[in-house]
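Chemist: Next input, structure requested:
(chains A and B)
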Amino acid sequence: MTLLYFAWVREKIGISEESLTPPANVRTVDDLMTWLASRSAGHADAFADRKLVKAAVDQVHVQARADVQGAKEVAFFPPVTGG
Amino acid sequence: MPGHTGNVRVQEAPFDPGAEINGFLARNPNSGGIASFIGQMRDFRGTDRSGGEKVSAMTLEHYPGMAEKQFEALIADARQRWALDDALLIHRHGKLHPSEAIVLVATASAHRADALSACEFLIDWLKTQAPFWKKEVSSGGAAWVAAQSTDEARAKRW
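Modeler: I've put the predicted structure just below:
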């Protein structure tokens, strides 16, 4: 699975992209955030307040309860501020 | 949309809104109503025009691939709701300076009502859906722009 990080989520984690294989018990976006938060201090900081972190699975906006099993690309980012 | 290409552009290079709108008119000779919205980079931080801290530059980060996909989806949604002949969405990324255009939305329809509504719908939804993040640079340093709850409320009206 490719993980992508944008804006301050990227800055806190310290990288923009990584390729990881989550354990089988990671089923949802929320599970994935819990697992990622355990990987480094930067990850923990980025996912410290999950209400502030949005997600997209295979380039579609999703809620925290969305399924990530079988996903190729999962992105985490703050609420968008374009336009 | 058959016959039309280039409905969506995400680019680092500056664009000329006047030239883009003229080109949009030229490619839609059957449309009597053209509506457009231009978002430009402002030179102050926050919502206080007179007391706001001066912003000298901005960096716009985006999610390549998803940004274009979102724009295509928004245009497809607008086409379901209104009788649109054509639509154009251009959005910058990278480094911007005050008074540069960030975004252009243009819509074409037989008459003004559908063009105006679709244009407003597109910019309202773009603000809450398109994966772009602004970071402003001022004398006080660089800071990520916070999302506005009023933007969410405007988009929900549709």
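
Chemist: What ranges does chain B have for its helices?
Modeler: B:17-26, B:66-81, B:112-129, B:149-156 (DSSP state H).

Chemist: quick one: the longest one near chain A?
Modeler: Yep, that's helix B:112-129 we're talking about. Yes - using C-beta under 8 Å from any C-beta of the partner chain, we find that helix B:112-129 touches chain A at B:I123, B:L126, B:K127, B:T128, B:Q129. (Each C-beta comes from the backbone N, C-alpha and C, glycine too.)

Chemist: Who are the packing partners of that helix?
Modeler: Counting contacts by 3 or more C-beta pairs under 8 Å, 6 or more residues apart in numbering or on different chains; DSSP states H and E, helix B:112-129 is packed against strand B:33-40, helix B:66-81, strand B:84-92, strand B:101-109, helix B:149-156.

Chemist: tell me the angle the second one makes with strand B:101-109.
Modeler: Here helix B:66-81 runs at an angle of 30 degrees relative to strand B:101-109 (axes from the mean of the first three to the mean of the last three C-alpha atoms, to 10 degrees).

Chemist: where does chain B dip in pLDDT?
Modeler: Within chain B, the stretches with pLDDT under 70 are B:1-5, B:48.

Chemist: ChimeraX command to pick out the buried ones of the residues of helix B:112-129 next to chain A?
Modeler: To isolate the buried ones among those in ChimeraX, judged by 16 or more other C-beta atoms under 10 Å in any protein chain shown, type:
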select /B:123,126,127,128,129
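
Chemist: quick check, nearest of the residues of helix B:112-129 next to chain A to chain A?
Modeler: The closest of the residues of helix B:112-129 next to chain A to chain A turns out to be B:K127 (C-beta to the nearest C-beta; 4.1 Å).

Chemist: Report the central residue of chain B.
Modeler: In chain B, the residue lying closest to the centroid (C-alpha atoms, centre = their mean) is B:V103, at 3.5 Å.

Chemist: So for the residue in chain A positioned nearest to chain B, what's the nearest residue that isn't a sequence neighbour?
Modeler: Taking C-beta to the nearest C-beta, chain B has its nearest neighbour within chain A at A:G82, 2.7 Å off. Spatial nearest neighbour of A:G82, chain neighbours left out: B:F132 (2.7 Å); criterion: C-beta to C-beta, 6 or more residues apart in numbering or on different chains.

Chemist: all strands of chain A, in order?
Modeler: Taking DSSP state E to define them, one finds strands in chain A at A:2-5, A:17-19, A:54-57, A:60-62, A:73-77.

Chemist: mind putting those in JSON lines, distance to chain B, mean pLDDT and mean neighbour count included?
Modeler: Listed next are the strands of chain A as JSON lines, based on distance: least, C-beta to the nearest C-beta, whole Å; pLDDT from 0 to 100; neighbours: other C-beta atoms under 10 Å in any protein chain shown:
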{"stretch": "strand A:2-5", "distance to chain B": "7", "mean pLDDT": "98", "mean neighbour count": "20"}
{"stretch": "strand A:17-19", "distance to chain B": "11", "mean pLDDT": "98", "mean neighbour count": "11"}
{"stretch": "strand A:54-57", "distance to chain B": "6", "mean pLDDT": "98", "mean neighbour count": "22"}
{"stretch": "strand A:60-62", "distance to chain B": "7", "mean pLDDT": "97", "mean neighbour count": "15"}
{"stretch": "strand A:73-77", "distance to chain B": "6", "mean pLDDT": "98", "mean neighbour count": "22"}
